[in-house]
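Peer 1: Sequence and predicted structure, then a few things I'm wondering about:
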Amino acid sequence: MATILSVLGKTPQFGTNCFVAPNATIVGDVVMGDDCSIWFNTVIRGDVHYIKIGNKVNIQDGAIIHCTYQKNPTEIGSNVSIGHNALIHGCTIQDNVLIGMGAIVMDRCLIHSNSIVAAGTVLLEGTIVEAGSIYAGVPGKKVKDISKDLISGEIDRIANNYVKYASWFVEHNEAPTK
């Protein structure tokens, strides 16, 4: 069963139809919407500030979501996919975003809607990712604009697939309670 802990009187809250892997850890001031999936070995630590997660968000295996003590919360919009082993820290990710595997998104970054942060990208503190763009590299820079086909072909497809994958587990396992 997942490790779900209260910290300083704050207990994680889950929307409906959420899957949390048995070895995921979610603590403190974390609120997530509906149709979310938190995958194996993921850590979401709302101990030093709040973490807000929208609807239809998948946080894949080994990802870490944290924030900065009394300074920078983490806010993740809806229809967001966060790839395996990504590190998301004290930043804002708007709706319809794909964060690639192993990406690092640092404090005060703002990822606008309909954007992709490529696998392995490092977004330095305070980076602003333009809406409808792809950022890649170390440090992350804009490499191109996203076509409408890429938004539906990648961002939407991955988010929708993870709702399906989660259903395979939720059907046979106990979901977390509110």
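Peer 2: Cool, got the structure. The structure presented is a predicted model; accordingly, all values stated were derived computationally and were not measured. Numbers count the residues shown, from 1 in each chain.
Peer 1: Give the buried residues for the helix or strand of the chain with the lowest mean pLDDT.
Peer 2: Of all helical and strand segments in the chain, the minimum by mean pLDDT, DSSP states H and E falls on helix 148-150, at a mean of 82. Residues residue 150 are the ones in helix 148-150 that count as buried (16 or more other Cβ atoms under 10 Å). Every C-beta, even on glycine, is put in place using the N, C-alpha and C of the backbone.
Peer 1: Just after it, pick out the following helix or strand.
Peer 2: Going down the chain from helix 148-150, the next helix or strand is helix 157-170, by DSSP states H and E.
Peer 1: same for that following helix, what does it pack against?
Peer 2: strand 19-20, strand 37-38, strand 58-59, strand 80-82 (3 or more Cβ pairs under 8 Å, 6 or more residues apart in numbering; DSSP states H and E).
Peer 1: Now render those as TSV, adding distance to residue 154.
Peer 2: Output for those, formatted as TSV (distance: least, Cβ to Cβ, whole Å):
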stretch	distance to residue 154
strand 19-20	22
strand 37-38	18
strand 58-59	13
strand 80-82	9
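Peer 1: what comes into contact with the least confident helix or strand of the chain?
Peer 2: Identification of contacts with helix 148-150 by Cβ atoms under 8 Å, 6 or more residues apart in numbering yields residue 116.
Peer 1: so where's this protein shaky on pLDDT?
Peer 2: Within the chain, the segments meeting pLDDT under 70 span 171-178.
Peer 1: Recalculate using a threshold of 80.
Peer 2: Within the chain, the ranges that satisfy pLDDT under 80 run 170-178.
Peer 1: what's the straight distance from one end of stretch 31-38 to the other?
Peer 2: One end of stretch 31-38 to the other measures 13 Å (Cα to Cα, to the nearest Å).
Peer 1: Can you list the buried residues in it?
Peer 2: 32-33, 35-38.
Peer 1: now do stretch 159-168
Peer 2: For stretch 159-168, by 16+ other Cβ under 10 Å, it's 159-160, 162-163, 166.
Peer 1: will you turn those residues into JSON lines that also has distance to residue 6?
Peer 2: As requested, those are exported to JSON lines (distance: Cβ to Cβ, whole Å):
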{"residue": "159", "distance to residue 6": "29"}
{"residue": "160", "distance to residue 6": "32"}
{"residue": "162", "distance to residue 6": "27"}
{"residue": "163", "distance to residue 6": "28"}
{"residue": "166", "distance to residue 6": "24"}
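Peer 1: With respect to residue 107, which of the residues you listed is nearest?
Peer 2: Residue 107 lies nearest to residue 159 out of these, by Cβ to Cβ, at 25.0 Å.
Peer 1: And residue 64, how close does it get to residue 163?
Peer 2: 22 Å (Cβ to Cβ, to the nearest Å).
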